[in-house]
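[1] sequence unknown, structure follows:
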């Protein structure tokens, strides 16, 4: 008799794991506190996702129309510091679309999808996998996101390359997703930005429009006013969403419970690796959990096996991202980083390998 599994949290890790387990005829009940489709604070590009993970989780048809990004351009304020060709194209796809596709596929595979369902108390239990997203903290960092919908051929939106804009105690990413839309997502230190904030003043081409408050204000306060002015006429207010108290690099690779995705570890957003890590953590957990469900191993052994695999796959990546992250946030360190990049002495390909 196959033991059923319970997944708490219907983001990328939970949905992809549930779908893959159903592919092995494992009974799965998945609890999601919200419903689909919905917008999430996310860079919405997948960097470093390997073919083995795509195959193991059956993601190829779901990612088929993702926008390929072959380059990333780094900006410091208004200045383009460095344009880098990625070793492997990053995939641009909105969470609004991606989560809904995964949820539909899981339900079509006869998975038990329970939306608007909160599990309380949220404690470790045999057969329970926590994919509940970021853990709560008192962190001052916040994330803000909105979609940009420029008319076809609009100036400044002609290519599909990724952009990363470095500001004061902040950075923002801009990337194309499906349907001619662009995702604008920012990471801000709340007290510093609020102290310097003043209301954003749109140009005449955007007069009378509603804006996703406070995204443009925060961009302007962080010294990214050129980016704010560029996207202001085309922002979709209905796509605006925010998340507070973001805590990066706190990971849980030990303990009685099993956590995957952001519930296990949240890498700094500049890497573009968070979505790939969610999928990769699900792929690493698949075989041990299927073995537990079939009675081939007990729950503590399955948990230890997954946690060991997560530690081997992600520990160096998280430590490397933590060491580099402060250089992206402070103007003095940004100047040093920009000078090294422009001089060609910054080992960008080696850094990319460490972070993915």
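    That came through, no problem. Computed from a prediction, not measured in an experiment: that's the story for all the values here. Residues are numbered from 1 along each chain as shown.

[2] contacts, neighbours, all on C-alpha from now
    OK.

[3] Toward the C-terminus, what is the element adjacent to the lowest-mean-pLDDT helix or strand in the chain?
    Using mean pLDDT, DSSP states H and E, helix 190-196 stands out as the lowest-scoring helix or strand of the chain, at a mean of 63. Downstream of helix 190-196, the first helix or strand assigned by DSSP states H and E is helix 215-221.

[4] Tell me if I am right that residue 240 is in a helix.
    No: according to DSSP: H, G, I helix; E, B strand; the rest coil, the state of residue 240 is strand, so it is not within a helix.

[5] Specify the beta-bridge partners of the residue nearest to it when sequence neighbours are not counted.
    Distance criterion C-alpha to C-alpha, 6 or more residues apart in numbering; nearest residue to residue 240, sequence neighbours excluded, is residue 146 at 4.3 Å. Here residue 146 sits in beta bridges with residue 184, going by DSSP bridges.

[6] Buried ones in the helix ranked longest in the chain, by neighbour count?
    The residue-count maximum for a helix in the chain (DSSP state H) belongs to helix 299-324. Neighbour counts over helix 299-324 (16 or more other C-alpha atoms under 10 Å) mark 299, 302-307, 310-311, 313-314, 317-318, 320-322, 324 as buried.

[7] Give me the mean pLDDT for stretch 46-61.
    Confidence for stretch 46-61, expressed as mean pLDDT, is 95.

[8] Give me the buried positions along it.
    For stretch 46-61, a neighbour-count test (16+ other C-alpha under 10 Å) marks 46, 47, 48, 49, 53, 54, 56, 57, 59 as buried.

[9] And stretch 14-27, by the same measure?
    Under the neighbour-count criterion of 16+ other C-alpha under 10 Å, stretch 14-27 has 14-23, 25-27 buried.

[10] with the residues you listed in mind, which one is nearest to residue 284?
    Of all these, residue 284 sits closest to residue 17, with 9.5 Å by C-alpha to C-alpha.

[11] Name the SS class of the spatially closest residue to the closest one that is not a sequence neighbour, please.
    Excluding the flanking residues, the one nearest residue 17 by C-alpha to C-alpha, 6+ apart is residue 282, at 5.0 Å. The three-state assignment at residue 282 reads helix, by three-state DSSP.

[12] pretty sure residue 282 is touching residue 21, no?
    No: counting by C-alpha atoms under 8 Å, residue 282 sits too far from residue 21 to count as a contact (9.9 Å).

[13] ok so, going back, tell me the average confidence for the longest helix of the chain?
    pLDDT averaged over helix 299-324 gives 92.

[14] Got phi/psi on residue 173?
    Main-chain dihedrals, residue 173, degrees, to the nearest 10: phi -120, psi 140.

[15] Check it and give its pLDDT.
    For residue 173, pLDDT reads 94.

[16] how many neighbours does it have?
    Neighbour count for residue 173, taken as other C-alpha atoms under 10 Å: 26.

[17] so it bridges to which residues?
    Here residue 173, judged by DSSP bridges, has bridge partners residue 164, residue 185.

[18] these two touch, right, it and residue 165?
    Yes: counting by C-alpha under 8 Å, residue 173 touches residue 165, with 6.2 Å between them.

[19] which stretches of the protein have low pLDDT?
    For the chain, applying pLDDT under 70 flags the ranges 136, 191-213, 249-255, 341-352, 354.

[20] tell me which element residue 97 falls in.
    Assigned by DSSP H and E, residue 97 belongs to helix 95-108.

[21] for that helix, packing partners?
    Judged by 3 or more C-alpha pairs under 8 Å, 6 or more residues apart in numbering; DSSP states H and E, helix 95-108 is in contact with helix 12-22, strand 112-115.

[22] Each with direction, which strands does the helix or strand following the last one pair with?
    If you walk from strand 112-115 toward the C-terminus, the next helix or strand you reach (DSSP H and E) is strand 128-130. In the sheet, strand 128-130 lines up against strand 5-8 (parallel), strand 258-259 (parallel) (DSSP bridges).

[23] Run the chain-centre distance for the shortest one.
    I take that to be strand 258-259. Remark: strand 258-259 is offset 18 Å from the chain centroid, using C-alpha atoms, centre = their mean, to the nearest Å.

[24] mind checking the longest strand of this structure?
    The longest strand of the chain (DSSP state E) is strand 79-92.

[25] How far does that one sit from its chain's centre?
    For strand 79-92, the distance from its own C-alpha centre to the chain's C-alpha centre is 17 Å (C-alpha atoms, centre = their mean).

[26] Same question for stretch 214-224.
    Mean-position distance between stretch 214-224 and its chain equals 21 Å (C-alpha atoms, centre = their mean).

[27] again with stretch 114-122
    With C-alpha atoms, centre = their mean, you get 23 Å for stretch 114-122.

[28] That stretch spans what distance, first to last residue?
    Stretch 114-122 has an end-to-end distance of 16 Å (criterion: C-alpha to C-alpha, to the nearest Å).

[29] and the residue lying closest to residue 111 once chain neighbours are set aside, what does it touch?
    In space, and not counting its chain neighbours, residue 111 is closest to residue 28: 5.6 Å by C-alpha to C-alpha, 6+ apart. Going by C-alpha atoms under 8 Å, 6 or more residues apart in numbering, residue 28 touches 4, 5, 6, 7, 18, 21, 22, 111, 112.

[30] Understood, closing this out.
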